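1. Got a predicted structure here, sequence first:
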Amino acid sequence: MAMNRIQFQKGLSLSEFMHNYGTEPQCQAALEKARWPQGFICPDCRNPSHCVVWHGRVKTFQCNRCRRQVTLTAGTIFHSSKLPLTTWFQAIYFLTQGKNSTSTLELMRLLGVSYRTAWRLKHKLMQTMSEREESTVLAQRVEIDDAYLGGERTGGKVGRGSENKIPFIAAVETNEEGHPLRVLFSPVKTFSRSEVEAWAKRFLHPTATVISDGLGCFRGVTDAGCTHQPEVVGVGRKSTEMGCFHWINTILGNLKTSIDGTYHGFKFEKYAYRYLAEVQYRFNRRFDLRSILPRLIYAAVSIGKRPEPCLRATG
């Protein structure tokens, strides 16, 4: 069997990471390049002419025209953070380079910070991943399935009626050779035709051909203009034994392993979309592991600040 070049790519080693981002000046330089690739531009008047002033050890850019002052981290997810950038970059490294997820508790130990600080770091980075994935659109052959995240609470219902299970649509796009390209994990309120139609209009291109297990709600993809090929699953015909569902079953299995093997539990109803987005983000960028870290840094300085109250209020 030929070697899977995606699985066996080198990625960014820990020694390389420390060589490139091991000091505060290196991280500052990388952040400045990600935020202003062509050099500083004033966010108010768009003037590139500026000078640098220092407030203690804080590097500040001052526009020569309007005198607006901007620090390197202002208006980014690093906004007002008291942590050194080296700690932030280490968190980004751990969350992007592993195949499985990294829990808040593990991140706390790896970074040597408090649990609350680790939670804030992780959720800001997961929120960044989530917002970058909002533009993902699948356009080719798409395997789709209904799935649930979470499990029963003690004394609660089991199965689809469980109060602690969050429904989500799982989809994987494959190319003409049958190889997986991108995935989508989208929490939904319920599995209804209208809900699937709304999801398809947002995340599927009309050229997509959707293969489902025949669940009635998936007819909603045709209402969105996509082609639908239902493969009815029932007694004597398990989806795990059907080649047309190979990749969606594999992806869901890997997702379950990643989440169940990492987290003892979290507020599924409130934060499920972030944990799903974290897995989705890494999978969709797996073709070039070395680029995931600088790409997330770029995203982190592009989406704006995300303070903790906002993170905890989002549901």
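-> Looks like it arrived, so ask away.
2. Which parts of the protein are helices?
-> 14-21, 24-35, 85-97, 104-111, 115-133, 193-203, 220-223, 246-260, 268-284, 289-300, 308-313 (DSSP state H).
3. how about TSV for those helices, with distance to S186 added?
-> For glycine as for every other residue, the C-beta is placed from the backbone atoms N, C-alpha and C. Below are these laid out as TSV (distance: least, Cβ to Cβ, whole Å):
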stretch	distance to S186
helix 14-21	32
helix 24-35	28
helix 85-97	21
helix 104-111	23
helix 115-133	10
helix 193-203	6
helix 220-223	13
helix 246-260	13
helix 268-284	8
helix 289-300	19
helix 308-313	20
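4. Ok, which of those comes nearest E177?
-> helix 246-260 (12.0 Å; Cβ to Cβ).
5. Tell me which residues of that closest one come out buried.
-> Burial within helix 246-260, assessed by neighbour count using 16 or more other Cβ atoms under 10 Å, is assigned to H246, W247, I248, N249, I251, L252, L255, S258, I259.
6. List the residues that contact the residue found closest to C63 once you drop the neighbours it is linked to in the chain.
-> Distance criterion Cβ to Cβ, 6 or more residues apart in numbering; nearest residue to C63, sequence neighbours excluded, is C42 at 3.9 Å. Neighbouring residues of C42 by Cβ atoms under 8 Å, 6 or more residues apart in numbering: P48, H50, C63, R65, C66, R68, V70.
7. Narrow those residues to those that are buried.
-> Buried members of these, scored by 16+ other Cβ under 10 Å, are H50, C63, V70.
8. beta partners of the residue nearest to Y273 when sequence neighbours are not counted?
-> The spatial neighbour of Y273 that comes closest, neighbours along the chain excluded (Cβ to Cβ, 6+ apart), is P187 at 5.0 Å. Beta bridges link P187 to F168, judged by DSSP bridges.
9. One more: R141?
-> With DSSP bridges as the rule, R141 is bridged to T174, T209.
10. Flag the shaky bits of the stretch 1-150 of the chain, pLDDT-wise.
-> Within the stretch 1-150 of the chain, the segments meeting pLDDT under 70 span 1-3.
11. again, only this time at 80
-> Applying pLDDT under 80 to the stretch 1-150 of the chain flags the ranges 1-9, 99, 150.
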